[in-house]
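>>> Take a look and give me a structure for this.
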Amino acid sequence: QNSQLFEHHYNKMKSIFRLPLQRLTQNSLKMSQLSYKCHRYFSDCRFSEDHEWIQQTDDGKYIIGITDYAQDSLGEIVFVEFPEIGDAFNKGDVFGQIESVKAASELYMPVAGEVVEVNEKLNDEPGLVNSSPESDGWMIKVALNDNNELSSLM
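You can find the predicted model right below:
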C-alpha cells in the first residue's frame with residue numbers, strides 16, 4: 001500500500017517538473033543558437049557613423065543597407081531610390097535616398113565602390129527595410145575599390 005502511494009506521488013511530482021525542465025532545456029538551446037548566430041553575423045558586418053552597414057556576400061561582393069536604429073528613427077519606409085548598376089561612388093558620397101512617412105534621408109556610401117546589383121524587391125516592398133533592415137532589406141551590392149577601407153568602419 002505504501003509503495004503504491006509513494007509511486008503515485010513520485011510519478012505526479014515527476015510530471016509536474018518535466019514540463020518546466022523541458023522548457024528550460026529548449027529555451028537554453030534556442031538562446032545558445034541565437035547567441036551563435038548574432039556573434040557570427042556581427043563578426044563580418046561593419047557599420048558607418050551614418051548608420052549604414054556593409055557585409056561581404058558569398059560571391060566576394062558587399063551588400064549595403066541601413067541599421068535597425070536608422071529605420072526605427074525614420075518610421076514606416078515608403079520609397080527607396082537606387083543608383084544605376086555600374087555607377088561608381090567614393091566613400092561618403094550619396095548613393096540614394098530613402099523616404100518614410102516622417103522624413104526623407106540620403107544614403108551614404110560607407111566605402112568606395114561600383115554598384116553591381118540593387119535590391120529590386122524594395123521597389124514593391126519598401127517595408128522590408130523596416131521588417132528586416134539588416135538582412136532582407138539590403139539596398140545595393142557593390143564591388144569595392146579598396147578592401148582596406150573596411151578597417152575604418154566599426
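>>> all contacts plus neighbour counts: C-alpha atoms, from now on.
Noted.
>>> what comes up buried for stretch 85-96?
By 16 or more other CA atoms under 10 Å, the buried positions in stretch 85-96 come out as Ala88, Phe89, Asn90, Phe95, Gly96.
>>> where does the residue most central in space within the chain land on pLDDT?
Central residue of the chain (CA atoms, centre = their mean): Glu134, 2.5 Å from the mean position. Looking at Glu134, its pLDDT is 88.
>>> do the same with Ser32
What the model reports as pLDDT for Ser32 is 47.
>>> what's the answer for Asn130, then?
At Asn130, pLDDT is 95.
>>> My reading is that it lies in a strand. Confirm?
No: secondary structure of Asn130 (DSSP: H, G, I helix; E, B strand; the rest coil): helix, not part of a strand.
>>> Number of residues surrounding it?
22 (other CA atoms under 10 Å).
>>> Does it touch Ile77 like I think?
Yes: Asn130 is within contact range of Ile77, at 6.6 Å (criterion: CA atoms under 8 Å).
>>> Overlap in contacts, these two.
Gln71 (CA atoms under 8 Å, 6 or more residues apart in numbering).
>>> Next, find the distance separating Phe89 from Gly113.
6 Å (CA to CA, to the nearest Å).
>>> Asn90 too?
Computed as CA to CA, the Asn90 to Gly113 distance reads 7 Å.
>>> tell me which of the buried residues of stretch 85-96 is nearest to Ile54?
When the buried residues of stretch 85-96 are compared for distance to Ile54 (CA to CA), Phe95 wins out at 13.8 Å.
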